[in-house]
Structure formats: C-alpha cells, structure tokens
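Enquirer: sequence first, then the predicted structure:
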Amino acid sequence: MELYNTSVRKKVKFTPLKGNRVRLYTCGPTVYDVAHIGNFRAFVFEDFLKRVLTLVGYDVTHIMNITDVDDKTIQRSMDRKIPIAELTETYTQRFFQDLDRLKVIPADGYPRATDHVKDMQEIIQQLLDKEHAYISNDGSIYFAIDSYKEYGQLAQLDLSGQKSSERMADDDYTKENPQDFALWKSWKPEDGDVYWESPWGKGRPGWHIECSAMSMKYLGHHFDIHCGGVDNMFPHHENEIAQSVCATGKPFVNVWLHNEHLLVDGGKMSKSLGNFYTVEDLLNHGFTSEALRYILLSTHYRTKVNFSLEKKHEAIKAVQRVQSFWDRLNEFEVSDGEMLPDESEAFINSLSNDLDAPGALGIAFDYIRKMNNRIDQKEITQAEITMAINFMKQINHAFDFLSLNIEVPSEVTNLAQLREDARKAKDWTKSDALRDQLKELGWEVRDTPSGPKCHLIDL
RNA sequence: GGCGUCGUACCCAAAUGGCUAAGGGAACAGUUUGCAAAACUGUCUUGUACCGGUUCGAAUCCGGUCGACGCCUCCA
C-alpha cells in the first residue's frame, strides 16, 4: 500500500521495517479536560489506519501516550483544588469511554507520561553528554537546535532566515537560541508539589520528550509509523525527531502521517461560539456511533472536514443503508466459503491508496445497490450471497458501520407479533395502531417476505 | 510578513494528465407494499471558483485573479 509521508510530502510505498509487523505510535490526549470531536477525528483516523493495515494482512503494535502532566494540567488541578493524579485519572477514564463509544479498537498500550519520567531523564542525559542540550541559568534544560542540522526538515522550515523578535528574546533570555525548546523545566513555586527529582534538581519534563521516550521504549529506536494532527507537525514532531535522532544517533520514524483538522460550521471550534462538541454531546443530539464514524471517515484524512449538526440525517441514512443490506443478506441461508466479489479487490486497492476511504465507500455503495437490485429481481445466487456476506465483513472490518447483536426487547417482539396477527386477519386499523405503538417505543417495523423485522429508529 | 492547504451539482464528497467527472444525502416521478418502511428505476445533463497558458488530451500541470482556511506560540 501507499501512504503519504509528510516527511517527503508524497505518497510512498509502505513496507514494514521488520517482517509483517507494523509498529505504530500515535500522539494521545492531554487529559486535563474532555476531548472534543476534533480530537477524535485524529483518533478515529488512526483507528482506521490500523484497521486497513490489518485488513491487508499486517500485524500492528499500537502505542498511544497519555499526557498527564503539562502546564494546563497543573493549572487545572490547582484551580479545582484537586490532586493532579485525580484530575488526570478522571479524564483518562472518560477518554477511554469515548473511544469505546466511537468503536475505536484499543491500542496495545497507553503509557502515561508520569510513569516514564526516568526514561525521559535518560534521553536528556544522553543529549547533554552529546552536547545537543545545555543547562540554562535557571536549571532548565534546552535542546540546542543549532546542533542538529536537519532541524526543520519535517515542517520544511528554513530557520536560517528567521530572526528572533524582541518579545521572544526578552521572554527567553536564558536560551542560547530563542527557538531552543525545553527538555526539562526546573521547578517553580507555581508548580506546587508537581515535580520529580533529577540529577539537575527538582523539575518536570518538557512536553516533547515524553513521546520520544515512550515511543522508543515500546517500539524501538526506529519504528514504522507515527501519527498526529497537522498542528503537531511543528513544533512537536519536529522536536521529537531532533531529540530522538540526536540521542540515539539512529533514524527515528519511517513514515509520518498527519490528519487535517475538523472545522465546525466552517470555522474553528470554540466554546464561546457554542459549537464545541464532545462525543457525549453529539450522542445526546441523536448521532449514533456509526454516524459519527461515517462523518469522520467519509472525508479523506488529509482534507479538512466541516462538521455541523445538520450532517446527522445524511450520516445516519448512509450507515442505515449498509445496515439494511446486511440485515437483508442475513435473511438468506448462508453457506461457508472464502469467496469474494471483484469489488473487494477494488475496495482494498482504494484503501491501499493512502487510505482513500471516500473512494472505497463509493465502491461499497455501488455494490450494495447492484446486489439489492439482484435480490429484488430474484436473480441472486447462493454464491453471490456468500460473497456478499464476506465482502460486507471486510467493509465492516475497515469502517465498523454495522450495529451487530442489537437485542430486540420482548415487549417489542410481542407487539410485532400481535400486529402480524392483525395483518393476517386484514384488520388494518388494529395493525396500524400497533405500528404507531411500536414507533413510540422507538422501534420501526418493516414487513419483509420472511415476516416482520424490527429496527431501532435513530432519528 | 514567512511557509502551506483548499475551492467539484441543492448539501456532503472521490477522481495519482486519458472511457460518459464515483458515491452518499435532499428533492421530484414511478415500481413494489393492505398502507408504510426498506429496496429498485428514472430525473436533478453545457457541475470542476474566475482568467490565461502548456498538451493530441487538463478537475488534475504552470502563471495570475478572487475567496476560504491552517501553521509559524499550547493544540488532533
């Protein structure tokens, strides 16, 4: 498959560094607050990447960090007068809950920054030893970007032409170069009891160092894929590269993937505009997990997606189309077999082309219409049913648009049976009344050749 | 100011210089249905922001204009 590697700004053929295993690191949340739907665009994109990699046959080891210490987190815990660990644990659990609600496959590990301070210190020491870092006069440690000639390569920044503004120079008088970034922040009174002992005194790690430490610890110095939002490209990922490469003297990440942002109503999400949505908000608005996945995946990951509440209907209808076809297929007797229709190859080719999810969906919907038509015409064969089931499983492996194993409450089943009895007796008044009754319970009944079928109403 | 992205039908959104520019949603008409729902068929046919250029051939490449947005400082 081909992936767009930000590092070289073009699509490149992807091959794992070692055998069949893809080692994947994705930047996780800072757990000082609830993550919003924009954050989850990144996490759902990464989930999709992983699903496609496994669909084409790779094994994936996926690590996502949890940033549980930084300026904002410390500030929030002080404002709320609760211990930082309590604050971060609350939002970490909330994050996992939201991932689950969006049907995101869990990572193989979610290392927390605060559990890896020692690993970070080791890297910092290596950087000091190799003179890529220096201790400033307040005890903080900075990475010297002048010591790494490749600095700016990922973001394609030419730093030689940039001059430091007076403001920066004033704020950062202890740095050798205003662009140098912190590896270790010395303790200040406003940090309270948030500090770790180190060879350089009390302090806490800079933000970028955690990803270098944890990715290399769990995936090795040189691993396959590192993902994040476009905003992380600079400075975060640029700094990660500098730290990691200079500390180990080895290549760091093979392929960098960056997803574009999500806009709401054409602009940035903000609490003051009232367009700041969490997963919970949207579920309360009547979006389903599948509809949210559809919205996040039906635009290519490198294109900005414009979210709005008006998309609910479109998204729900689209995923229901897939669901209805699946339900319809399952009314047939299914025989075993690995056969797949020709469309499966086109579908996988589309996904292999830098995760062209919209293109793949086009193929899937074309196929669904074609097969619905064959069922309507009563021309469908047993072999086609089997292939359709297998193909739909592939589609669902990648997108997860189907709600499987929904249990119909016995109350609903009973009412549906009463209605069916009334229909057989041609008592249309009674049967329509029972249908209305079911509707009030949130269920819709469809009369099919094999009897009435109940479906949850999403709208 | 520096770097970069984008503009495709009523809405959303693919198309890596080459067949009639996918697909989803909405709308309208029909088939089917006791009526529905779902599904199917048809319509939405001078739709690639605008102007110019390169080419046998351009949504795609180049230049310009207009518009939207991102990064350069914490960000998915």
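Expert: Structure received.
Enquirer: residue A:323: which element?
Expert: Assigned by DSSP states H and E, residue A:323 falls within helix A:311-329.
Enquirer: distance from the chain centre to that helix, please.
Expert: In terms of CA atoms, centre = their mean, to the nearest Å, the gap separating the centre of helix A:311-329 from the centre of its chain is 22 Å.
Enquirer: next structured bit after the worst-scoring helix or strand of chain A on mean pLDDT?
Expert: Ranked by mean pLDDT, DSSP states H and E, the weakest helix or strand in chain A is helix A:166-171, scoring a mean of 44. Downstream of helix A:166-171, the next assigned helix or strand under DSSP H and E is strand A:181-186.
Enquirer: neighbouring contacts of the next helix or strand after that following strand?
Expert: On the C-terminal side of strand A:181-186, the closest following helix or strand by DSSP H and E is strand A:203-205. Residues from elsewhere that reach strand A:203-205 (CB atoms under 8 Å, 6 or more residues apart in numbering): A:69, A:113, A:117, A:120-121, A:124, A:139-140, A:183-187, A:191, A:194-196. Glycine gets a C-beta too; all of them are placed from N, C-alpha and C.
Enquirer: need the contact partners of stretch A:242-254.
Expert: By CB under 8 Å, 6+ apart, stretch A:242-254 touches A:7, A:17, A:25, A:123, A:126-127, A:130, A:132, A:143, A:145, A:147-148, A:150-151, A:183, A:208-209, A:212, A:215-216, A:221-226, A:240-241.
Enquirer: which of those fall within helices?
Expert: A:123, A:126-127, A:208-209, A:212, A:215-216, A:240-241 (DSSP state H).
Enquirer: so what's the residue in the stretch 1-150 of chain A that RNA strand B sits nearest to up against?
Expert: Nearest residue of the stretch 1-150 of chain A to RNA strand B: residue A:38, at 2.9 Å (CB to the nearest atom of the strand). Neighbour list for residue A:38: A:261-262, A:264, A:269, A:307 [criterion: CB under 8 Å, 6+ apart].
Enquirer: before we move on, back to that, can you spell out which helices and strands pack onto the helix holding residue A:323?
Expert: Judged by 3 or more CB pairs under 8 Å, 6 or more residues apart in numbering; DSSP states H and E, the packing partners of helix A:311-329 are helix A:289-297, helix A:357-376, helix A:382-399.
Enquirer: for those, which one ends up most surrounded?
Expert: helix A:289-297 (a mean of 24; mean count of other CB atoms under 10 Å).
Enquirer: that one near RNA strand B at all?
Expert: No. Remark: helix A:289-297 sits outside contact range of RNA strand B, by CB under 7 Å from any atom of the strand, the gap being at least 7.6 Å.
Enquirer: list the buried residues in stretch A:332-342.
Expert: Neighbour-count burial for stretch A:332-342 flags A:332, A:340-341 (criterion: 16 or more other CB atoms under 10 Å).
Enquirer: and what of stretch A:50-63?
Expert: By neighbour count on 16+ other CB under 10 Å, the buried set for stretch A:50-63 is A:50-53, A:55, A:58, A:60-63.
Enquirer: pull up the distance across it, start to finish.
Expert: Between the opening and closing residues of stretch A:50-63 we find a distance of 11 Å, counting by CA to CA, to the nearest Å.
Enquirer: could you give the separation of that stretch from the chain centroid?
Expert: Centroid displacement of stretch A:50-63 relative to its chain, using CA atoms, centre = their mean, is 14 Å.
Enquirer: contacts for it next, please.
Expert: The contact list for stretch A:50-63 (CB under 8 Å, 6+ apart) reads A:1, A:16, A:20-26, A:46, A:105, A:107-111, A:214-215, A:218-219, A:348, A:351-352, A:355, A:394, A:397-400.
Enquirer: just the buried subset of those residues, written out for PyMOL, thanks.
Expert: Applying 16+ other CB under 10 Å to these, the buried members can be selected in PyMOL as follows:
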select buried, chain A and resi 1+16+22+23+24+25+26+46+105+107+110+111+214+215+218+219+348+351+352+355+394+398+399+400
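Enquirer: thanks again, I'm all set now.
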